[in-house]
Each structure stands twice: as structure tokens, then as C-alpha cells.
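K.L.:
Quick one: sequence and predicted model below, then my questions.
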Amino acid sequence: MLEVKNLVRTFKSGDRTIKPVNDVSFKLAQGTLASIVGKSGSGKSTLLSLLGALDKPTSGDVLVNGVSLAGMPDSRLTDYRRQGIGFVFQQFNLVPNLSAVDNVMLPMEFAGMRKAARLSRARELLEQVQLDPGKHARRINRLSGGEQQRVAIARAMANSPQLILADEPTGNLDEQTGEHIIELLSSLSRDHNTTILVVTHDRQLANKTDRRFRLQQGRLTEEASPARPAATAPAPAPA
Ligand SMILES: Nc1ncnc2c1ncn2[C@@H]1O[C@H](COP(=O)(O)OP(=O)(O)OP(=O)(O)O)[C@@H](O)[C@H]1O
Ligand SMILES: [Mg+2]
């Protein structure tokens, strides 16, 4: 369970203060696939950074299975980032001159896993994201955008995190590849009971998630989802 409580993040910009995350609260049950949409600059990436402990809130708290990030010392936060969370960003953050399989092995190395175990798990994950086996040993900078995104997702899954945070994971992919990526995330949340939060500009993609949120000037609201209607949504009119 991911629980966000009255989260606020302010930035000083000259003599102005902006609040890209302004009193945001929500709860996600384990295994939920959720999306956040919102205009450019509405605070989406700022919110994900707070959830992933890449940044600290001005106030408020994030609880992961009841454990408060606000109360965690920095050393434990580092462990949380490395083991508890998988990140998928639009710019992939893969190591361009390493192979696909080496990129997926990297987080497991930080976690202290043995080489043979790392290698077999990395291959298994790349199979799960359906990267052509002939491309497992290929350098990242020789893969297409969609293939790189699959590698990024496999890497995010490496340490079996309870939470995956994805910032525009289909942003620079064509529609069909984007659809494959969302199906992949959807099956991950189902089959591995992983909570996944995806920031997206893509309506189609948002429509396929269990819960949909909109961020507007730092305020989060929930919308009914075609995949699973929100509790507060009005019932559809009888036919
Ligand atoms: N480290 C920072 N210091 C100061 N201002 C920041 C910082 N990070 C983000 N901002 C500002 O906070 C606001 C929200 O930015 P954020 O990156 O969260 O938007 P976003 O919704 O992810 O936009 P996009 O869709 O373009 O990625 C913007 O006005 C941005 O300029
Ligand atoms: Mg952003």
C-alpha cells in the first residue's frame, strides 16, 4: 500500500514561491496500476521524485506499507530507492555503451546478488518484456526507442520492487509500441502485484489504468477510469 499524506513541495523562483505539489493525498492498494495526467509544468515529475525519495517534501509524508519516508534516515532512504522502487524515465537513464543484459544486471549488483544469479534473472526479465533474445547482448545505443524502453522496464523490475514509478514511459514511442508498453505494465501490476504509477500525456494509455488522477497547479483530483470506475463517480444512466 502506498499512502500519500498532505504532500507539499515548494520552490523559490526569484522572489516568488511556486507550489507544484500542493496538499496532495491519495492511497493506492498494492498491485494497482494508476496514471497521472496534467499539463506541462503541473508538478507531475516533482510528485514522482517525492514518491521515489529522489527529493524531500516541504511538508507531508509518504508511507510505503505503513513505513514513513519522512521518518527515515538518509541511509535507509538510499536502500528504499535502490530496492523498493523501480524507476522508468522518458530518457531511459540506461548506460548507452553497455549491453541490454548488463544494464538489467546493474541494480542487482548494487543489491549484492551473485553474478550467475544476476545473469539468469536479467535474461528472464528481458524475455518477460519480450526483447528479442538476439538483442540481449546488443549495446543500448544500437537498440530502437521501444526496445530501449523494454530494457528500462526490465531494469526497473530487477530487484522486484513493490513500486514502479514511470515518467512518460511512452512519450517518444509510436502509438503501437506505446500500447505494448502499457500492456506490459498492466500485466506486471497484475502478475507480480506491483503498484505502478505512470505519468503520461497519452489519453489512451491513461484510459487503460485502474485509477486515473489529474494534477492541476499542484492539486490532485481523481477521475473515473474506464478500466475501473472511481467510487465517487456518478453511476451510468440506465439504458
Ligand atoms: N528543482 C527545481 N527548482 C525550481 N523549480 C522547479 C524544480 N523542479 C521543478 N520546478 C518547477 O516546478 C514546476 C513543476 O515542474 P514538473 O517538472 O514537476 O512539471 P511536469 O508536470 O513534470 O511537467 P512536464 O509535463 O513538462 O514534464 C515547474 O514550474 C518547474 O519549473
Ligand atoms: Mg515532467
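P.N.:
Arrived safely. Ligands and ions are numbered 1, 2, ... in the order given.

K.L.:
Could you use CA atoms for every contact and neighbour count after this?
P.N.:
Will do.

K.L.:
need the longest helix for this structure.
P.N.:
helix 175-191 (DSSP state H).

K.L.:
Sort out which residues of that helix are buried, please.
P.N.:
177, 178, 179, 180, 181, 182, 184, 185, 186, 188, 189 (16 or more other C-alpha atoms under 10 Å).

K.L.:
if we take those residues, which one ends up nearest to ligand 1?
P.N.:
Closest approach to ligand 1 among those (C-alpha to the nearest ligand atom): residue 178, at 17.1 Å.

K.L.:
burial measure for the closest residue to that closest one other than its chain neighbours, as a count.
P.N.:
Residue nearest to residue 178 in three dimensions, not counting chain neighbours: residue 170, with 5.0 Å by C-alpha to C-alpha, 6 or more residues apart in numbering. Neighbour count of residue 170, defined by other C-alpha atoms under 10 Å: 27.

K.L.:
Got the phi and psi for residue 170?
P.N.:
phi -120, psi 10 (degrees, to the nearest 10).

K.L.:
Contact partners for it?
P.N.:
Residues in contact with residue 170, defined by C-alpha atoms under 8 Å, 6 or more residues apart in numbering, are 90, 149, 177, 178, 181, 200.

K.L.:
just residue 162 next, same as before
P.N.:
Residue 162 neighbours (C-alpha under 8 Å, 6+ apart): 30, 84, 85, 193, 194, 195.

K.L.:
Against residue 163, how distant is the first one?
P.N.:
Yep, that's residue 30 we're talking about. 8 Å (C-alpha to C-alpha, to the nearest Å).

K.L.:
could you pull out the strands for this structure?
P.N.:
2-13, 16-28, 33-37, 59-64, 67-68, 85-89, 163-167, 195-199, 211-216, 219-223 (DSSP state E).

K.L.:
need those in TSV with distance to ligand 1, can you?
P.N.:
What follows is the strands of the chain, written out as TSV (distance: least, C-alpha to the nearest ligand atom, whole Å):
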stretch	distance to ligand 1
strand 2-13	5
strand 16-28	5
strand 33-37	8
strand 59-64	16
strand 67-68	22
strand 85-89	11
strand 163-167	8
strand 195-199	8
strand 211-216	8
strand 219-223	11
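
K.L.:
can you redo the ones you listed as JSON lines with mean pLDDT?
P.N.:
Formatted as JSON lines, the strands of the chain follow (pLDDT from 0 to 100):
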{"stretch": "strand 2-13", "mean pLDDT": "96"}
{"stretch": "strand 16-28", "mean pLDDT": "97"}
{"stretch": "strand 33-37", "mean pLDDT": "96"}
{"stretch": "strand 59-64", "mean pLDDT": "96"}
{"stretch": "strand 67-68", "mean pLDDT": "93"}
{"stretch": "strand 85-89", "mean pLDDT": "91"}
{"stretch": "strand 163-167", "mean pLDDT": "95"}
{"stretch": "strand 195-199", "mean pLDDT": "96"}
{"stretch": "strand 211-216", "mean pLDDT": "96"}
{"stretch": "strand 219-223", "mean pLDDT": "96"}
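
K.L.:
can you list the ones you listed in CSV and add mean neighbour count?
P.N.:
Shown next, in CSV, are the strands of the chain (neighbours: other C-alpha atoms under 10 Å):
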stretch, mean neighbour count
strand 2-13, 17
strand 16-28, 17
strand 33-37, 25
strand 59-64, 19
strand 67-68, 14
strand 85-89, 24
strand 163-167, 25
strand 195-199, 26
strand 211-216, 22
strand 219-223, 17
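
K.L.:
Please tabulate those in JSON lines, including the columns distance to residue 105.
P.N.:
Putting the strands of the chain into JSON lines (distance: least, C-alpha to C-alpha, whole Å) gives the following:
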{"stretch": "strand 2-13", "distance to residue 105": "27"}
{"stretch": "strand 16-28", "distance to residue 105": "29"}
{"stretch": "strand 33-37", "distance to residue 105": "25"}
{"stretch": "strand 59-64", "distance to residue 105": "25"}
{"stretch": "strand 67-68", "distance to residue 105": "28"}
{"stretch": "strand 85-89", "distance to residue 105": "13"}
{"stretch": "strand 163-167", "distance to residue 105": "17"}
{"stretch": "strand 195-199", "distance to residue 105": "21"}
{"stretch": "strand 211-216", "distance to residue 105": "31"}
{"stretch": "strand 219-223", "distance to residue 105": "36"}
